[in-house]
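Asker: Provide a 3D model corresponding to the input given below.
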Amino acid sequence: MELLTIGAFARAARLSAKALRRYDDLGLLPPAHTDPYSGYRYYSEAQLERARLVAWLRRIGMPLARIGEVCDADASAAAGLVRAYWGQVEAETEARRELATFLIDRLMERETTDMSTAPTLGIRYAALSDAGLVRASNQDTAYAGSRLLAVADGYGSGGMSASEAAVNALKVLETAGAKAVRAGDLLNALGDAVDAAHREAAGLEDSGSTLTAMLWTGSQLALVHIGDSRAYVLRGGALFQITHDHTMVQSMVDEGTL
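Answerer: Residues are numbered from 1 along each chain as shown. Got it, this is the predicted structure:
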């Protein structure tokens, strides 16, 4: 049986050689033969159908982990898996569409509102920390006030001190009076406070903290975020995550490998 080089197979399958090497590493599309000396990969024409299916599934955004399930299933089961995946995509798209509509309406409202007469936001706030059923304690610090919301999750031996330092650095913004901060300076004020928190926690060896915080004045609100604590918008009985996790797991999800 004549085998195709990885370059020839990539052209026939309309995939890049880099993608083929990645799919081999994941066990999704191993070559028919690998040269034991050069490590060069060779493929058979019989593998083209699977390779093209992988390419089509990637084009609709299916994660690689789910693509493997589809490729290994019989035709009927594979069709059901694709149908279920696309139903999930449509549901998530609809949720994002509703959020986008809300944001567009909100921005248009802000555009047409005289900022000098804009209403002041009314905030209901609370903070709760729960160690759960597994750990004896946690390293979370949370704060809820009339102008500031903040949550920090420490890690490492000095995680509790790190999370407390992060939140305490932001509390100054409220005690000093967030009303005194101009709307256009909210992000700068938050940025300066985060820099101060970083300096405070810099001496804690092998320790640190996530931080998600919101500060507002009048009708304007600013958000700062790092790590995998989160902020959500609650609208119409549904929660929409508005921050993006900074984690290895999230990066693998973004790449479609998990």
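Asker: mind listing what's buried in stretch 55-65?
Answerer: 55, 57, 58, 62, 63, 64 (16 or more other Cβ atoms under 10 Å). C-beta coordinates here come from the backbone N, C-alpha and C atoms, glycine included.
Asker: roughly how far apart are the first one and residue 91?
Answerer: The one in question is residue 55. For residue 55, the distance to residue 91 (Cβ to Cβ, to the nearest Å) stands at 25 Å.
Asker: do the same with the second one
Answerer: Here residue 57 is placed at a distance of 19 Å from residue 91 (Cβ to Cβ).
Asker: Break down the stretch 101-250 of the chain into its helices, ranges please.
Answerer: Ranges of helices in the stretch 101-250 of the chain, per DSSP state H, counting those that start in this stretch, are 159-175, 186-201, 248-255.
Asker: Let me know which of these is the nearest to residue 77.
Answerer: Comparing the helices of the stretch 101-250 of the chain by their distance to residue 77 (Cβ to Cβ), the top pick is helix 248-255, with 24.1 Å.
Asker: Check which helices and strands the closest one sits against.
Answerer: In this structure, helix 248-255 makes packing contacts with no helix or strand, judged by 3 or more Cβ pairs under 8 Å, 6 or more residues apart in numbering; DSSP states H and E.
Asker: Other residues contacting that helix?
Answerer: Residues from elsewhere that reach helix 248-255 (Cβ atoms under 8 Å, 6 or more residues apart in numbering): 63, 228, 244, 258.
Asker: most surrounded residue in those?
Answerer: Using other Cβ atoms under 10 Å as the neighbour test, the contacts of helix 248-255 are led by residue 63, with 17 neighbours.
Asker: residues near the residue nearest to that one when sequence neighbours are not counted, how many?
Answerer: Once flanking residues are discounted, residue 63 sits nearest to residue 256: 4.5 Å by Cβ to Cβ, 6 or more residues apart in numbering. Close neighbours of residue 256, defined as other Cβ under 10 Å, add up to 15.
Asker: tell me the contacts of residue 256?
Answerer: Contact analysis of residue 256 by Cβ under 8 Å, 6+ apart lists 58, 61, 62, 63, 64.
Asker: So which of these is the closest to residue 105?
Answerer: residue 61 (27.4 Å).
Asker: Let me see the backbone angles for the closest one.
Answerer: phi 90, psi 10 (degrees, to the nearest 10).
Asker: any idea how far it is from residue 86?
Answerer: The gap separating residue 61 from residue 86 is 10 Å, by Cβ to Cβ.
Asker: cool, and residue 144?
Answerer: 40 Å.
Asker: tell me how far the helix or strand containing residue 18 is from the chain's mean position?
Answerer: Assigned by DSSP states H and E, residue 18 belongs to helix 17-25. Here helix 17-25 is found 25 Å from its chain centre; the criterion is Cα atoms, centre = their mean, to the nearest Å.
Asker: can you check stretch 41-56 too?
Answerer: Put simply, stretch 41-56 sits 32 Å off its chain's centre (Cα atoms, centre = their mean).
Asker: so how far is the first residue of it from its last?
Answerer: 22 Å (Cα to Cα, to the nearest Å).
Asker: how about it: buried residues?
Answerer: 41, 42, 43, 47, 51, 53, 54, 55.
Asker: now, the most widely separated pair of these?
Answerer: Within the buried residues of stretch 41-56, two members stand farthest from each other by Cβ to Cβ: 42 and 53, at 20.1 Å.
Asker: residues in contact with residue 144?
Answerer: Contacts of residue 144 (Cβ under 8 Å, 6+ apart): 125, 126, 127.
Asker: I'm done for today, thanks for sticking with me.
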